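Participant: Structure for this input, please:
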Amino acid sequence: MSFDIEKLLVILRDGRKLIGVLRSYDQFANLVLQDTVERIYVGDCYGDIPRGIFIIRGENVVLLGEVDLEKEDDIPLRQLPIEEILVAQKREMEERQKREKLRNKVLYDQGFSVDFVETDLY
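Facilitator: Numbering: from 1, shown residues only. Just a heads-up that it's a prediction; the model follows:
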């Protein structure tokens, strides 16, 4: 008897990307993932933070997809230690904030209202 492992990629409302083995779900799309890692992407690199068993409330799921185990290793991304990827992520976020600040200033100077906050995403 063979069991098909359903490895899933789940993207949450807050932007986190989780990869794990589906163990259970219900009619509300609540999920239980086993052997879960939180994957952080920066450019062509990524890092994984082990999370173990992860229970996800269905209303927080934005995207859910099965990972093709045969094609997973063919993706042209470099895995970095989590310490390095967190530093790169912080740098990327700071650069994005600088660009947003400049863009908002230009829009404001042209008479547009710029009152967006990060909690407005969904």
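Participant: Please look at R23 and D35 and confirm they touch.
Facilitator: No - contact criterion CB atoms under 8 Å: R23 and D35 do not qualify, at 9.4 Å. Yep, even glycine has a C-beta here, placed from its N, CA and C like the rest.
Participant: Show me the contact partners of stretch 78-92.
Facilitator: For stretch 78-92, contacts defined as CB atoms under 8 Å, 6 or more residues apart in numbering pick out 40, 42-49.
Participant: from those, which two are the most distant?
Facilitator: Farthest-apart pair in these is D44 and I49; separation 18.8 Å (CB to CB).
Participant: of these two, who's got more company?
Facilitator: The neighbour comparison of D44 against I49 (other CB atoms under 10 Å) goes to I49, with 14 against 9.
Participant: can you pull the contacts of the residue lying closest to the more buried one once chain neighbours are set aside?
Facilitator: Distances taken as CB to CB, 6 or more residues apart in numbering place E38 nearest to I49, at 4.4 Å, with adjacent residues excluded. Listed by CB under 8 Å, 6+ apart, the contact set of E38 reads 16-18, 48-49, 51.
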